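> what's the 3D shape of this:
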Amino acid sequence: MKNLLIALAAVLLIIGGTIFWMFQRESDGVPILIYHRVSDTDTNPTTLRVADFEQQIKYLADSGYTAITPDELLDSWQGGRKLPAKPIILTFDDGHNDIYNNVLPILQEHNMCATVFIVTNHIGMPQYLSWEQTRLLQGSGLIDIESHTMSYKNLAALKGDKLWDEIYGSKQAIEWVLKKPAKFIAFPDGKYSVAAEETCKEVGFRAGFVADYGLANVNYDSYVLTRIPVQGSNSSTMFRFKLRLNGAPIFAPLSRLKEHLKNDGNPEIAEFIFIP
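Numbers count the residues shown, from 1 in each chain. Reported below is the predicted structural model:
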């Protein structure tokens, strides 16, 4: 019995030490959140109800978080610009029109900024933003419109002119319509290649974004900045939000392990790994 207690204590000590090491290692990391839709009519798993989104933004404001832009983050890393005590970046992928209808008023109420990554060929389609709405969002002073590629293709599967057109075409469209530089790109489904990354650098993007549950860190590649996905359409939305936000250093490596197990043909084992 005594040996069992000693063994249990050793396991708990190892687990506790590992958790402490993870948080210490990413103590300078900045959370970047990914949202998709904020709507009371859409039921997609990535869609938040308007009240849930408002509750999350209020929680961030009440907890002392300050929303910053990707430019401010990179200026800090590359030029020593001081960041607020608890910086956070809010991003929205795809460019649905509920960003204009539902998101902007809540951001205005709490004076928080956000980056919206649009698929330029989807602009004007049903349920997506129009170019006029992107102008109004950009002109609000709180939202920056950036690239989610031209037509949402898997960049890891593209080469040559097709890869160039998908990346540079979206940059050109944003700059031509909105009359401002397009500096950032979010890779569709987080898929990219070395060629995609090099193309982004060549056309003049300053950074790229993926989804990886972890915190963005100065020591990582600025063209593969990690973001924490925010999910909706369930009864524990706020609980999951807090777990993902506050537990990012733990859930990021667990998520990678889970994906690795799935890719290696072990989905049954992967299901035992808890990701909120």
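> can you give me the strands in the protein?
Using DSSP state E, the strands found in the chain span residues 32-35, 37-38, 47-48, 66-67, 87-94, 114-118, 143-147, 184-186, 207-209, 228-229.
> Nearest to residue 220, out of those?
For residue 220, the closest of those is strand 207-209, at 10.6 Å, according to C-beta to C-beta. Yep, even glycine has a C-beta here, placed from its N, CA and C like the rest.
> Just say which of the strands of the chain is most tucked in.
strand 184-186 (a mean of 27; mean count of other C-beta atoms under 10 Å).
> How far does that one sit from its chain's centre?
Averaging C-alpha positions (C-alpha atoms, centre = their mean, to the nearest Å) puts strand 184-186 10 Å from its chain's average.
> Mind listing residues that contact stretch 119-137?
For stretch 119-137, contacts defined as C-beta atoms under 8 Å, 6 or more residues apart in numbering pick out 94-97, 99-100, 104, 116, 118, 143, 145, 147-152, 169-170, 173-174, 177-178, 188.
> To clarify, my last question referred to stretch 67-82.
Contacts to stretch 67-82, defined as C-beta under 8 Å, 6+ apart, come from residues 30, 60, 83-84, 87-90, 112-115, 144, 146, 183-184, 206-207, 216, 218, 222, 225.
> again, but for stretch 219-230
Residues from elsewhere that reach stretch 219-230 (C-beta under 8 Å, 6+ apart): 31-35, 46, 48, 56, 70, 74, 77, 91, 186, 192, 197, 200-201, 205-216, 241, 244-245, 248, 252.
> For PyMOL, what selects the buried ones among those residues?
For the buried members of those, the matching PyMOL selection, counting by 16 or more other C-beta atoms under 10 Å, is:
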select buried, resi 31+32+33+34+35+46+48+56+70+74+77+91+186+192+197+200+205+206+207+208+209+210+211+212+213+214+215+216+241+244+245+248+252
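> Out of the contacts of stretch 219-230, list just those in helices.
Those of the contacts of stretch 219-230 mapping onto helices are 56, 70, 74, 77, 197, 200-201, 241, 244-245, 248, 252, per DSSP state H.
> can the residues you listed go into CSV with extra columns for distance to residue 275 and pLDDT?
Below are these laid out as CSV (distance: C-beta to C-beta, whole Å; pLDDT from 0 to 100):
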residue, distance to residue 275, pLDDT
56, 18, 97
70, 25, 98
74, 28, 96
77, 28, 94
197, 26, 96
200, 28, 97
201, 31, 97
241, 13, 92
244, 9, 88
245, 14, 92
248, 11, 83
252, 10, 71
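> So, low pLDDT: which residues of the chain?
Per-residue confidence for the chain (pLDDT under 70) gives these ranges: 1-28, 233-235, 255-256, 258, 260, 272.
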